Every structure is written in structure tokens, then in C-alpha cells.
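Enquirer: Coordinates for the following, if possible.
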Amino acid sequence: MKAVSGIALSVVMAAVLAGCSSYHQRMGYAGGGYGWEKAAKDMTALVDKTIQDPAKAKQVNELLGQIMGEIRHSTEQSRQYHQKLYELNANYEASPEDFTKILDDLNNHRMRSASKILGLRFQIRNILTAQEWKALSDAMTAYRSRYRHGDEMGPKAGN
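Expert: Sure, this is the predicted structure:
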């Protein structure tokens, strides 16, 4: 059960950070990385609010910064792979193998990135107590819900 909740926090962190940024990009606020900067400030504030020990909070913020950097890098790489697919799609002579090569590279990149993020997640877990972990997880869930603009369950109430 702990492994599932731990993985869930990693997924929540990634979704919050990527979701916030992509929302701001879609809304036109992302010039100069505004979405990433806002997400970083918001995450720092959540950590500082929920983790009482300043030394622990600093360590967690540094690791979250690394996670954000990895998400940002992965997002850019995914865009580049998708661009290659768009270009390949326009090529009448493209073979299935050409597409498969790009898709394999994309999937391998995603797996490497996810593994790196998961490793950082366990570093955070090793710093925090179970109570601190729950408090941070709950704060991130509440934060994430502010940026959810509709999903498989339908639009968020109030939208």
C-alpha cells in the first residue's frame, strides 16, 4: 500500500507541475516560462507550509526542483519527437519502421525520465516522516485540483 501511495505522490507531483505549465501555455501565459516559474514558486510555498523543519524543506525543495527540471526537459523532448512524427507523416515514402523507430525512442525517453523522477521521489520520501509525507501529498492534491479543468469524470465543478 505504501508503494502505491508513494507512486501516486510522484504522479501527482508530475501532473501538478506539467499540468500547471501546460495550462498556462495553452492560456498564453507561458511566455518566458511563466508556467514553470509559477509552479516552482507554488511548490516551494507548499513545501515551506507543510514541512516545519527548514533543513528538510530546503532538501525537498531542491529535489522538487530537479523533478521539475526533468519534467520540463521531458516535455520539450516529447515535443521534438512529436514534431518528427508530424514531419514523417507528411512524407509519402515513410515506412512503418520509420515511425516505429521514433515511437521507440520516445517511449525509451519517457521511461528514462519516469525512472529518474521515481528515484527523486524516493529521495524525498527518505527525508520526510509519514506525517510530513501525508501533509505534503494532501497539499499537492488540493493544489492540483485548482488546475484540473475537466477530465474523464467531466468538468471540474464551477467551470
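Enquirer: Can you tell me the SS state at residue 93?
Expert: Three-state call for residue 93 (DSSP: H, G, I helix; E, B strand; the rest coil): coil.
Enquirer: pLDDT wise, what is residue 143 at?
Expert: The model reports residue 143 with a pLDDT of 87.
Enquirer: what's the offset of the host helix or strand of it from the middle of its chain?
Expert: Secondary structure from DSSP states H and E places residue 143 in helix 130-147. Its chain's C-alpha centre and that of helix 130-147 lie 14 Å apart, by C-alpha atoms, centre = their mean, to the nearest Å.
Enquirer: Now the helix or strand residue 120 falls within: average pLDDT?
Expert: Using DSSP H and E, residue 120 falls within helix 96-127. The predicted model gives helix 96-127 an average pLDDT of 97.
Enquirer: The helix holding residue 143 - contacts with which helices or strands?
Expert: Judged by 3 or more C-beta pairs under 8 Å, 6 or more residues apart in numbering; DSSP states H and E, helix 130-147 is in contact with helix 2-26, helix 34-50. Just so you know, the C-beta spots here come from the backbone N, C-alpha and C atoms, and that holds for glycine as well.
Enquirer: which of the residues in stretch 40-57 are buried?
Expert: 40, 42, 43, 44, 46, 47, 50, 51, 56, 57 (16 or more other C-beta atoms under 10 Å).
Enquirer: need those residues in a markdown table with pLDDT and distance to residue 105, can you?
Expert: Below are those laid out as a markdown table (pLDDT from 0 to 100; distance: C-beta to C-beta, whole Å):
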| residue | pLDDT | distance to residue 105 |
| --- | --- | --- |
| 40 | 87 | 29 |
| 42 | 89 | 32 |
| 43 | 90 | 30 |
| 44 | 92 | 34 |
| 46 | 91 | 34 |
| 47 | 94 | 34 |
| 50 | 92 | 38 |
| 51 | 94 | 38 |
| 56 | 96 | 38 |
| 57 | 96 | 38 |
